[in-house]
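Enquirer: pasting the structure only:
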(Lines give C-alpha, C1' and ligand atoms only; values in the text may rest on other atoms or scores of the structure.)
Protein backbone atom coordinates (compact mmCIF):
# COMPACT_ATOMS: atom_id res chain seq x y z
CA UNK A 1 0.00 0.00 0.00
CA UNK A 2 1.14 3.55 -0.60
CA UNK A 3 1.67 5.71 2.45
CA UNK A 4 -0.61 8.74 2.28
CA UNK A 5 -0.60 9.79 5.89
CA UNK A 6 1.93 11.58 7.96
CA UNK A 7 4.23 10.22 10.59
CA UNK A 8 4.23 12.53 13.56
CA UNK A 9 7.95 13.07 13.44
CA UNK A 10 8.92 13.14 9.78
CA UNK A 11 6.37 13.69 7.07
CA UNK A 12 4.32 16.83 6.61
CA UNK A 13 1.64 17.01 3.94
CA UNK A 14 2.37 19.64 1.31
CA UNK A 15 -1.18 20.94 1.37
CA UNK A 16 -0.56 22.36 4.83
CA UNK A 17 2.42 24.41 3.70
CA UNK A 18 2.75 24.97 -0.02
CA UNK A 19 0.45 24.51 -2.99
CA UNK A 20 1.67 21.93 -5.49
CA UNK A 21 2.63 24.62 -7.98
CA UNK A 22 5.21 25.96 -5.50
CA UNK A 23 6.77 22.58 -4.78
CA UNK A 24 9.74 21.24 -6.67
CA UNK A 25 12.38 22.97 -8.81
CA UNK A 26 11.99 25.46 -11.62
CA UNK A 27 10.24 23.42 -14.31
CA UNK A 28 12.10 24.95 -17.24
CA UNK A 29 15.44 24.19 -15.61
CA UNK A 30 14.25 20.68 -14.78
CA UNK A 31 13.21 20.02 -18.36
CA UNK A 32 16.45 21.43 -19.73
CA UNK A 33 18.55 19.26 -17.44
CA UNK A 34 16.58 16.13 -18.27
CA UNK A 35 16.78 16.81 -22.00
CA UNK A 36 20.53 17.29 -21.83
CA UNK A 37 20.84 13.96 -20.00
CA UNK A 38 18.69 12.24 -22.61
CA UNK A 39 20.77 13.67 -25.45
CA UNK A 40 23.97 12.50 -23.78
CA UNK A 41 22.62 8.93 -23.65
CA UNK A 42 21.55 9.14 -27.28
CA UNK A 43 25.07 10.09 -28.31
CA UNK A 44 26.84 7.59 -26.07
CA UNK A 45 24.82 4.56 -27.18
CA UNK A 46 26.83 1.85 -28.91
CA UNK A 47 26.02 0.61 -32.39
CA UNK A 48 24.63 -2.64 -30.94
CA UNK A 49 22.05 -0.68 -28.92
CA UNK A 50 23.77 -1.06 -25.56
CA UNK A 51 25.90 1.23 -23.45
CA UNK A 52 29.48 1.05 -22.19
CA UNK A 53 30.46 -2.51 -23.28
CA UNK A 54 28.77 -5.49 -24.95
CA UNK A 55 28.40 -7.52 -21.78
CA UNK A 56 27.09 -4.66 -19.61
CA UNK A 57 23.43 -5.69 -19.73
CA UNK A 58 22.78 -4.08 -16.34
CA UNK A 59 24.10 -0.67 -17.41
CA UNK A 60 22.03 -0.85 -20.58
CA UNK A 61 19.02 -1.77 -18.45
CA UNK A 62 19.47 1.32 -16.28
CA UNK A 63 19.83 3.60 -19.33
CA UNK A 64 16.82 2.09 -21.08
CA UNK A 65 14.57 2.37 -18.03
CA UNK A 66 15.72 5.96 -17.52
CA UNK A 67 14.86 6.94 -21.10
CA UNK A 68 11.45 5.29 -20.99
CA UNK A 69 10.83 6.80 -17.57
CA UNK A 70 11.72 10.19 -19.09
CA UNK A 71 8.80 9.89 -21.49
CA UNK A 72 10.45 8.45 -24.59
CA UNK A 73 8.34 5.86 -26.36
CA UNK A 74 9.27 2.31 -27.21
CA UNK A 75 9.30 3.41 -30.86
CA UNK A 76 11.94 6.05 -30.27
CA UNK A 77 15.01 5.04 -32.27
CA UNK A 78 17.39 5.02 -29.28
CA UNK A 79 14.94 3.13 -27.08
CA UNK A 80 14.02 0.63 -29.79
CA UNK A 81 17.68 -0.23 -30.32
CA UNK A 82 18.18 -0.61 -26.58
CA UNK A 83 15.16 -2.90 -26.23
CA UNK A 84 16.42 -5.00 -29.13
CA UNK A 85 19.79 -5.28 -27.37
CA UNK A 86 18.17 -6.40 -24.10
CA UNK A 87 15.91 -8.84 -25.92
CA UNK A 88 18.95 -10.47 -27.53
CA UNK A 89 20.10 -11.55 -24.05
CA UNK A 90 16.94 -13.43 -23.22
CA UNK A 91 17.99 -16.91 -22.09
CA UNK A 92 16.19 -20.26 -22.25
CA UNK A 93 15.56 -20.15 -18.49
CA UNK A 94 13.60 -16.90 -18.92
CA UNK A 95 16.28 -14.66 -17.47
CA UNK A 96 17.67 -11.70 -19.39
CA UNK A 97 21.41 -11.54 -18.81
CA UNK A 98 24.79 -12.04 -20.40
CA UNK A 99 25.55 -15.80 -20.33
CA UNK A 100 28.86 -15.19 -18.56
CA UNK A 101 27.41 -12.74 -16.06
CA UNK A 102 27.47 -13.14 -12.31
CA UNK A 103 24.80 -10.40 -12.04
CA UNK A 104 21.85 -12.34 -13.41
CA UNK A 105 19.29 -11.07 -10.91
CA UNK A 106 20.30 -7.43 -11.32
CA UNK A 107 20.32 -7.61 -15.12
CA UNK A 108 17.01 -9.45 -15.34
CA UNK A 109 15.31 -7.10 -12.89
CA UNK A 110 16.35 -4.01 -14.84
CA UNK A 111 15.27 -5.64 -18.10
CA UNK A 112 11.85 -6.40 -16.61
CA UNK A 113 11.49 -2.75 -15.61
CA UNK A 114 12.39 -1.68 -19.15
CA UNK A 115 10.08 -4.11 -20.93
CA UNK A 116 7.20 -3.35 -18.56
CA UNK A 117 7.47 0.35 -19.43
CA UNK A 118 7.54 -0.54 -23.14
CA UNK A 119 4.69 -3.04 -22.96
CA UNK A 120 1.71 -0.85 -23.82
CA UNK A 121 0.52 -3.27 -26.53
CA UNK A 122 1.36 -6.48 -24.67
CA UNK A 123 4.25 -7.25 -27.00
CA UNK A 124 6.55 -8.16 -24.13
CA UNK A 125 4.10 -9.84 -21.75
CA UNK A 126 5.38 -13.35 -22.37
CA UNK A 127 8.97 -12.23 -21.92
CA UNK A 128 8.12 -10.48 -18.65
CA UNK A 129 6.32 -13.59 -17.40
CA UNK A 130 9.33 -15.77 -18.18
CA UNK A 131 11.66 -13.33 -16.46
CA UNK A 132 9.38 -13.23 -13.41
CA UNK A 133 9.51 -17.00 -13.11
CA UNK A 134 13.29 -16.91 -13.46
CA UNK A 135 13.57 -14.34 -10.68
CA UNK A 136 11.36 -16.37 -8.39
CA UNK A 137 13.75 -19.25 -8.84
CA UNK A 138 16.67 -17.11 -7.68
CA UNK A 139 15.10 -16.23 -4.35
CA UNK A 140 16.73 -17.91 -1.37
CA UNK A 141 14.05 -20.11 0.18
CA UNK A 142 13.07 -23.76 0.58
CA UNK A 143 14.38 -24.45 -2.90
CA UNK A 144 17.88 -23.93 -1.55
CA UNK A 145 17.15 -26.25 1.36
CA UNK A 146 16.99 -23.50 3.98
CA UNK A 147 14.35 -22.69 6.58
CA UNK A 148 12.71 -19.36 7.33
CA UNK A 149 14.97 -18.99 10.37
CA UNK A 150 18.07 -18.83 8.17
CA UNK A 151 19.51 -15.32 7.66
CA UNK A 152 19.65 -15.91 3.88
CA UNK A 153 15.94 -16.70 3.68
CA UNK A 154 13.81 -14.58 1.34
CA UNK A 155 16.62 -12.52 -0.12
CA UNK A 156 17.92 -12.19 -3.65
CA UNK A 157 21.57 -11.95 -4.63
CA UNK A 158 23.31 -11.22 -7.90
CA UNK A 159 22.32 -14.63 -9.17
CA UNK A 160 25.53 -16.60 -8.70
CA UNK A 161 24.27 -17.77 -5.33
CA UNK A 162 27.12 -16.28 -3.37
CA UNK A 163 24.66 -14.81 -0.87
CA UNK A 164 21.62 -12.50 -0.94
CA UNK A 165 21.81 -8.76 -0.23
CA UNK A 166 19.44 -5.84 0.21
CA UNK A 167 20.48 -4.04 -2.97
CA UNK A 168 19.58 -6.97 -5.19
CA UNK A 169 16.49 -7.68 -3.11
CA UNK A 170 15.15 -4.17 -3.66
CA UNK A 171 15.52 -4.58 -7.43
CA UNK A 172 13.93 -8.03 -7.15
CA UNK A 173 10.88 -6.54 -5.40
CA UNK A 174 10.68 -3.62 -7.81
CA UNK A 175 10.73 -5.98 -10.79
CA UNK A 176 8.08 -8.28 -9.31
CA UNK A 177 5.87 -5.28 -8.57
CA UNK A 178 6.31 -4.02 -12.14
CA UNK A 179 5.34 -7.50 -13.39
CA UNK A 180 2.06 -7.22 -11.47
CA UNK A 181 2.92 -9.36 -8.44
CA UNK A 182 0.76 -8.43 -5.43
CA UNK A 183 2.14 -7.51 -2.03
CA UNK A 184 0.71 -10.61 -0.36
CA UNK A 185 2.40 -12.95 -2.83
CA UNK A 186 4.66 -15.50 -1.05
CA UNK A 187 7.74 -14.17 -2.86
CA UNK A 188 7.06 -10.65 -1.60
CA UNK A 189 6.45 -11.82 1.94
CA UNK A 190 9.56 -14.00 1.97
CA UNK A 191 11.57 -11.01 0.79
CA UNK A 192 10.09 -8.96 3.64
CA UNK A 193 11.54 -11.46 6.11
CA UNK A 194 15.00 -10.91 4.65
CA UNK A 195 14.61 -7.13 4.45
CA UNK A 196 13.50 -6.92 8.10
CA UNK A 197 16.69 -8.67 9.15
CA UNK A 198 18.84 -6.07 7.41
CA UNK A 199 17.43 -3.35 9.65
CA UNK A 200 19.21 -2.25 12.80
CA UNK A 201 16.10 -2.80 14.88
CA UNK A 202 15.54 -5.60 17.36
CA UNK A 203 11.99 -6.91 17.14
CA UNK A 204 9.97 -10.06 16.65
CA UNK A 205 10.90 -9.73 12.97
CA UNK A 206 14.62 -9.47 13.64
CA UNK A 207 16.27 -11.55 16.32
CA UNK A 208 19.62 -11.86 14.56
CA UNK A 209 22.86 -11.28 16.45
CA UNK A 210 23.24 -7.83 14.87
CA UNK A 211 19.73 -6.56 15.63
CA UNK A 212 20.43 -4.84 18.94
CA UNK A 213 24.04 -3.72 18.51
CA UNK A 214 23.10 -0.35 17.01
CA UNK A 215 19.27 -0.34 16.98
CA UNK A 216 18.94 2.96 15.10
CA UNK A 217 16.30 1.87 12.57
CA UNK A 218 18.58 2.18 9.55
CA UNK A 219 19.56 -0.60 7.15
CA UNK A 220 22.79 -2.29 6.10
CA UNK A 221 23.82 -4.43 3.14
CA UNK A 222 22.99 -7.99 4.15
CA UNK A 223 22.07 -10.11 7.13
CA UNK A 224 23.30 -13.26 5.38
CA UNK A 225 25.92 -15.24 7.27
CA UNK A 226 27.33 -12.99 9.96
CA UNK A 227 26.04 -9.89 8.16
CA UNK A 228 27.84 -7.22 6.16
CA UNK A 229 27.76 -3.47 5.80
CA UNK A 230 29.64 -1.16 3.45
CA UNK A 231 29.72 1.57 6.10
CA UNK A 232 32.02 -0.05 8.67
CA UNK A 233 31.35 -1.44 12.12
CA UNK A 234 31.06 -0.07 15.64
CA UNK A 235 33.29 -1.06 18.54
CA UNK A 236 30.79 -3.73 19.58
CA UNK A 237 30.69 -5.19 16.07
CA UNK A 238 27.48 -3.47 15.01
CA UNK A 239 26.87 -3.06 11.27
CA UNK A 240 26.49 0.64 10.56
CA UNK A 241 23.40 1.76 8.67
CA UNK A 242 23.78 3.90 5.57
CA UNK A 243 21.61 6.02 3.33
CA UNK A 244 21.14 4.08 0.12
CA UNK A 245 20.32 0.84 1.93
CA UNK A 246 17.97 2.56 4.38
CA UNK A 247 15.90 4.03 1.56
CA UNK A 248 16.08 0.69 -0.26
CA UNK A 249 14.87 -1.15 2.83
CA UNK A 250 12.05 1.27 3.48
CA UNK A 251 10.83 1.15 -0.12
CA UNK A 252 10.98 -2.63 -0.09
CA UNK A 253 8.87 -2.81 3.06
CA UNK A 254 6.21 -0.61 1.45
CA UNK A 255 6.20 -2.81 -1.66
CA UNK A 256 5.62 -5.80 0.63
CA UNK A 257 2.59 -4.13 2.19
CA UNK A 258 3.74 -2.54 5.43
CA UNK A 259 1.89 0.57 6.57
CA UNK A 260 3.12 3.73 8.24
CA UNK A 261 2.04 2.34 11.60
CA UNK A 262 4.44 -0.57 11.47
CA UNK A 263 7.34 -0.01 13.91
CA UNK A 264 9.84 -1.00 11.20
CA UNK A 265 8.61 1.79 8.94
CA UNK A 266 8.50 4.32 11.77
CA UNK A 267 12.05 3.47 12.80
CA UNK A 268 13.32 3.80 9.21
CA UNK A 269 11.62 7.19 8.85
CA UNK A 270 13.23 8.35 12.07
CA UNK A 271 16.65 7.37 10.71
CA UNK A 272 15.91 9.29 7.51
CA UNK A 273 14.91 12.32 9.55
CA UNK A 274 18.19 12.19 11.45
CA UNK A 275 20.33 11.78 8.33
CA UNK A 276 18.68 14.04 5.75
CA UNK A 277 21.30 15.22 3.27
CA UNK A 278 21.99 15.34 -0.45
CA UNK A 279 25.66 16.21 -0.07
CA UNK A 280 26.58 12.57 0.41
CA UNK A 281 25.24 9.05 0.71
CA UNK A 282 24.83 9.14 4.52
CA UNK A 283 27.64 7.23 6.25
CA UNK A 284 29.20 6.43 2.86
CA UNK A 285 30.44 9.81 1.69
CA UNK A 286 30.47 10.04 -2.12
CA UNK A 287 30.46 6.26 -2.63
CA UNK A 288 27.26 5.11 -4.31
CA UNK A 289 26.01 8.71 -4.39
CA UNK A 290 23.90 8.54 -7.55
CA UNK A 291 22.49 5.13 -6.65
CA UNK A 292 21.48 6.84 -3.42
CA UNK A 293 19.84 9.72 -5.29
CA UNK A 294 17.61 7.49 -7.40
CA UNK A 295 16.68 5.28 -4.43
CA UNK A 296 15.99 8.36 -2.29
CA UNK A 297 13.65 9.77 -4.97
CA UNK A 298 11.83 6.50 -5.68
CA UNK A 299 11.22 5.89 -1.98
CA UNK A 300 9.84 9.34 -1.22
CA UNK A 301 7.64 9.13 -4.31
CA UNK A 302 6.22 5.79 -3.12
CA UNK A 303 5.60 7.31 0.30
CA UNK A 304 3.89 10.30 -1.33
CA UNK A 305 5.99 12.66 0.75
CA UNK A 306 6.17 16.30 -0.32
CA UNK A 307 8.15 17.84 2.53
CA UNK A 308 10.54 16.01 4.81
CA UNK A 309 11.49 17.29 8.24
CA UNK A 310 15.10 16.86 9.34
CA UNK A 311 16.55 16.38 12.83
CA UNK A 312 16.63 20.16 13.39
CA UNK A 313 12.96 20.56 12.54
CA UNK A 314 13.63 22.12 9.12
CA UNK A 315 11.06 21.05 6.53
CA UNK A 316 12.62 20.27 3.15
CA UNK A 317 11.04 20.37 -0.29
CA UNK A 318 13.09 17.31 -1.22
CA UNK A 319 12.26 17.50 -4.93
CA UNK A 320 13.70 21.00 -5.13
CA UNK A 321 16.73 20.07 -3.03
CA UNK A 322 17.48 17.00 -5.12
CA UNK A 323 16.94 18.63 -8.50
CA UNK A 324 19.10 21.62 -7.68
CA UNK A 325 21.86 19.35 -6.43
CA UNK A 326 21.73 17.41 -9.70
CA UNK A 327 21.68 20.63 -11.74
CA UNK A 328 24.91 21.66 -10.00
CA UNK A 329 26.56 18.29 -10.63
CA UNK A 330 25.63 17.96 -14.31
CA UNK A 331 28.54 18.15 -16.75
CA UNK A 332 28.53 20.51 -19.77
CA UNK A 333 27.93 17.53 -22.09
CA UNK A 334 24.73 16.66 -20.22
CA UNK A 335 26.12 13.71 -18.27
CA UNK A 336 26.76 13.03 -14.62
CA UNK A 337 29.65 11.06 -13.18
CA UNK A 338 30.84 10.28 -9.66
CA UNK A 339 34.38 11.17 -8.63
CA UNK A 340 34.20 8.20 -6.24
CA UNK A 341 34.46 5.42 -8.81
CA UNK A 342 32.89 2.52 -6.96
CA UNK A 343 30.02 0.31 -8.12
CA UNK A 344 30.52 1.53 -11.70
CA UNK A 345 29.81 5.18 -10.78
CA UNK A 346 32.89 6.31 -12.68
CA UNK A 347 30.87 5.42 -15.81
CA UNK A 348 28.83 8.42 -17.02
CA UNK A 349 26.29 6.16 -18.74
CA UNK A 350 24.96 4.40 -15.64
CA UNK A 351 25.31 7.55 -13.53
CA UNK A 352 23.36 9.60 -16.07
CA UNK A 353 20.69 6.90 -16.01
CA UNK A 354 20.51 7.12 -12.22
CA UNK A 355 20.35 10.92 -12.36
CA UNK A 356 17.47 10.87 -14.85
CA UNK A 357 15.56 8.38 -12.72
CA UNK A 358 15.97 10.78 -9.80
CA UNK A 359 15.08 13.92 -11.78
CA UNK A 360 11.97 12.29 -13.21
CA UNK A 361 10.56 12.25 -9.66
CA UNK A 362 11.33 15.88 -8.93
CA UNK A 363 8.21 17.36 -10.49
CA UNK A 364 5.45 17.79 -7.91
CA UNK A 365 2.17 16.16 -8.86
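Expert: Looks like it arrived, so ask away. As the structure is a computational prediction, the values presented were derived from the model and not from experiment. Numbers count the residues shown, from 1 in each chain.
Enquirer: tell me which helix or strand the residue nearest the centre of the chain sits in.
Expert: Residue closest to the average C-alpha location in the chain (Cα atoms, centre = their mean): residue 295, at 4.3 Å. Using DSSP states H and E, residue 295 maps to helix 289-303.
Enquirer: which elements pack onto the next helix or strand after that helix?
Expert: Next in sequence after helix 289-303, counting helices and strands by DSSP H and E, comes strand 307-309. Packed against strand 307-309 by the contact rule (3 or more Cβ pairs under 8 Å, 6 or more residues apart in numbering; DSSP states H and E) you find strand 11-12, helix 263-274, strand 315-317. In short, each C-beta sits where N, CA and C put it, glycine included.
Enquirer: these: which one's closest to residue 225?
Expert: Taking Cβ to Cβ, helix 263-274 is the member of those nearest to residue 225, at 21.9 Å.
Enquirer: mind listing what's buried in that closest one?
Expert: Residues 264-274 are the ones in helix 263-274 that count as buried (16 or more other Cβ atoms under 10 Å).
Enquirer: quick one: mean pLDDT over it.
Expert: Mean pLDDT, helix 263-274: 97.
Enquirer: contact partners of that helix?
Expert: The contact list for helix 263-274 (Cβ atoms under 8 Å, 6 or more residues apart in numbering) reads 3, 7, 9-11, 196, 199, 201, 203, 205, 216-219, 241, 246-247, 249-250, 253-254, 258-260, 308-311.
Enquirer: related to what we said a few turns ago, now distance to residue 365 too, for the helices and strands packed on strand 307-309, in JSON lines please.
Expert: JSON lines is the format used below for the helices and strands packed on strand 307-309 (distance: least, Cβ to Cβ, whole Å):
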{"stretch": "strand 11-12", "distance to residue 365": "16"}
{"stretch": "helix 263-274", "distance to residue 365": "21"}
{"stretch": "strand 315-317", "distance to residue 365": "13"}
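Enquirer: of those, which is nearest residue 61?
Expert: helix 263-274 (26.8 Å).
Enquirer: quick one, that closest one and helix 289-303 angle?
Expert: Comparing the axes of helix 263-274 and helix 289-303 via axes from the mean of the first three to the mean of the last three Cα atoms, to 10 degrees yields an angle of 130 degrees.
Enquirer: next one: helix 263-274 to chain centre, how far?
Expert: With Cα atoms, centre = their mean, to the nearest Å as the basis, helix 263-274 stands 18 Å off its chain's centre.
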